[in-house]
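Student: for reference, the sequence and a predicted model appear below.
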Amino acid sequence: MRYLMWFLRILLFLLLLGFTVRNIETVTLHYYFGYEWNAPLVLIILLCFALGVAIGVGSCLGKIFRQKREINTYRKRYKISDEHG
């Protein structure tokens, strides 16, 4: 199973490397008020993906912290010890 996971990781890496090599053309992003940004296509795609991941994680943090507070409240109320740490 370990070899299969390494094979899949290497395959994914090679696919992404091939995608990167094929998309190095410079593209222009046009903003408001005449601003422009020239960058390789793969860099723009990577930045948009990273921004999406950051927004997704950020939107989940509030709920995660709220659940942690609720869990701690229940532990104190019912005197349940944390068995994992």
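Tutor: Arrived safely, thanks for sending. Numbers count the residues shown, from 1 in each chain.
Student: for residue 31, grab phi and psi.
Tutor: Note on residue 31: its backbone torsions stand at phi -100, psi -180 [degrees, to the nearest 10].
Student: leaving out sequence neighbours, find the closest residue to it.
Tutor: Counting by C-beta to C-beta, 6 or more residues apart in numbering, residue 31 lies nearest to residue 37, which is 7.1 Å off, once chain neighbours are set aside. Quick note: C-beta positions are derived from backbone N, CA and C, even for glycine.
Student: for the one you found, list each beta-bridge partner.
Tutor: Counting by DSSP bridges, residue 37 is bridged to residue 29.
Student: ok, it to residue 58 distance?
Tutor: Using C-beta to C-beta, to the nearest Å, residue 37 is found at 24 Å from residue 58.
Student: the residue nearest the centre of the chain sits in which helix or strand?
Tutor: Against the mean C-alpha coordinate of the chain, by C-alpha atoms, centre = their mean, the closest residue is residue 53 at 3.6 Å. Assigned by DSSP states H and E, residue 53 belongs to helix 41-78.
Student: helices and strands around that helix, which ones?
Tutor: Counting contacts by 3 or more C-beta pairs under 8 Å, 6 or more residues apart in numbering; DSSP states H and E, helix 41-78 is packed against strand 26-30.
Student: coming back round to it: so the residue nearest to residue 31 is in contact with residue 26, correct?
Tutor: No: shown here, residue 37 and residue 26 do not form a contact pair, counting by C-beta atoms under 8 Å, at 10.3 Å.
Student: give me the element residue 7 is part of.
Tutor: Residue-wise, residue 7 maps onto helix 2-22 under DSSP H and E.
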